[in-house]
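**Student:** one predicted model, sequence on top.
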Amino acid sequence: MTDQSGLIWWTELNTWDADKALDYYGSVMGWTFEKTQNAGGEDARPYYIAKRGDQPVAGIFTLVSPDFDGVPDHWFTYLSVADIDATLVNAVDRGGKIYRPAFEIPGFGRMAVVADVNGAVAGYIQPAT
């Protein structure tokens, strides 16, 4: 596999009301949705894969209290990296801040949430091979 570092790898809607979002994006974008187990935790909260035809295009993540109190609905982007651990060290050395240390989602990759030197937050992902 060629190095795909620095690509926009995945995007997901973080929302308090997944049902309304499914209805809206299904109508406006023509997406269909596949309900899955929550991709980042052990709770039963569903995670939805938005699809255009058979092609996955985005995720829909349901925000819950108290973990996300005060966080508004928003789109969140993941950027690909070749080595998540080395990238996190480099990010901190350059003035970034790690909000969520690396964690693994089996079959998808290792991910972290990082703020850059200006405070802009994104996810970094070392995709599974």
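**Tutor:** Great, that's in hand.
**Student:** how near is the residue lying farthest from the centre of the chain to T87?
**Tutor:** Distance to the chain centre peaks in the chain at D93, reaching 23.5 Å (criterion: C-alpha atoms, centre = their mean). Using C-beta to C-beta, to the nearest Å, we find D93 at a distance of 11 Å from T87. Using the backbone N, CA and C atoms, a C-beta is placed for each residue, glycine as well.
**Student:** not counting its neighbours along the chain, what's nearest W9?
**Tutor:** Counting by C-beta to C-beta, 6 or more residues apart in numbering, S80 is the residue found nearest to W9 once chain neighbours are left out, at 4.1 Å.
**Student:** that neighbour contacts F108, doesn't it?
**Tutor:** No: contact criterion C-beta atoms under 8 Å: S80 and F108 do not qualify, at 11.6 Å.
**Student:** tell me, what's touching these two both at once?
**Tutor:** Both S80 and F108 are in contact with I125, P127, where contact means C-beta atoms under 8 Å, 6 or more residues apart in numbering.
**Student:** out of the two, which sits in the busier spot?
**Tutor:** Legend: neighbour count by other C-beta atoms under 10 Å for S80 and F108, higher for S80 (20 against 16).
**Student:** got any ranges where the chain has weak pLDDT?
**Tutor:** Low-confidence segments of the chain (pLDDT under 70): 1-2, 38-44.
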